[in-house]
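A.B. asks: Test case, fold it:
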Amino acid sequence: MPAVTYAGHSVAVNEEGFLVDPAQWTEDMAPQIAKSAGIDELTARHWQVIRFMRAEYQAKGTGPTVRVLGKTSGVSIKELYQLFPKGPAKTAARIAGIPKPRGCI
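C.D. replies: All right, here's what the predicted structure looks like:
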């Protein structure tokens, strides 16, 4: 598996760029992961979604789908697509250091 360095930490990632071990993630890594996903700056709304994704993963063992994210994160589906244009659930999960949610292509 390839390794990348975010915020001075070398971490293993899978072929799609998701961290192999979510426990290695730190908030300092998120801006660099976001940049690699085409998001130049993380706003408070981005962080709301990222923290929600991590909490859901820790509680349920998987990240939420876009539909669940839009209903339960406090951010509408329309805004999710504005924040994470290349696919909200998949991109937010990658930035949050968790595996790709079930159902994401």
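
A.B. asks: just checking, residue 50 touches residue 30?
C.D. replies: Yes. Look at residue 50 against residue 30 with CB atoms under 8 Å: they come within range, at 6.2 Å. Heads up, the C-betas are built off the backbone N, CA and C, glycines and all.

A.B. asks: shared neighbours of the two, anything?
C.D. replies: By CB atoms under 8 Å, 6 or more residues apart in numbering, residue 50 and residue 30 have these common neighbours: 42, 95, 96.

A.B. asks: Let's see which of those residues end up in helices.
C.D. replies: Members of the shared contacts of residue 50 and residue 30 lying in helices (criterion: DSSP state H): 95, 96.

A.B. asks: Now pLDDT, distance to residue 88 and neighbour count too, for the shared contacts of residue 50 and residue 30, in CSV please.
C.D. replies: Below are the shared contacts of residue 50 and residue 30 laid out as CSV (pLDDT from 0 to 100; distance: CB to CB, whole Å; neighbours: other CB atoms under 10 Å):
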residue, pLDDT, distance to residue 88, neighbour count
42, 98, 14, 18
95, 97, 11, 26
96, 97, 12, 27
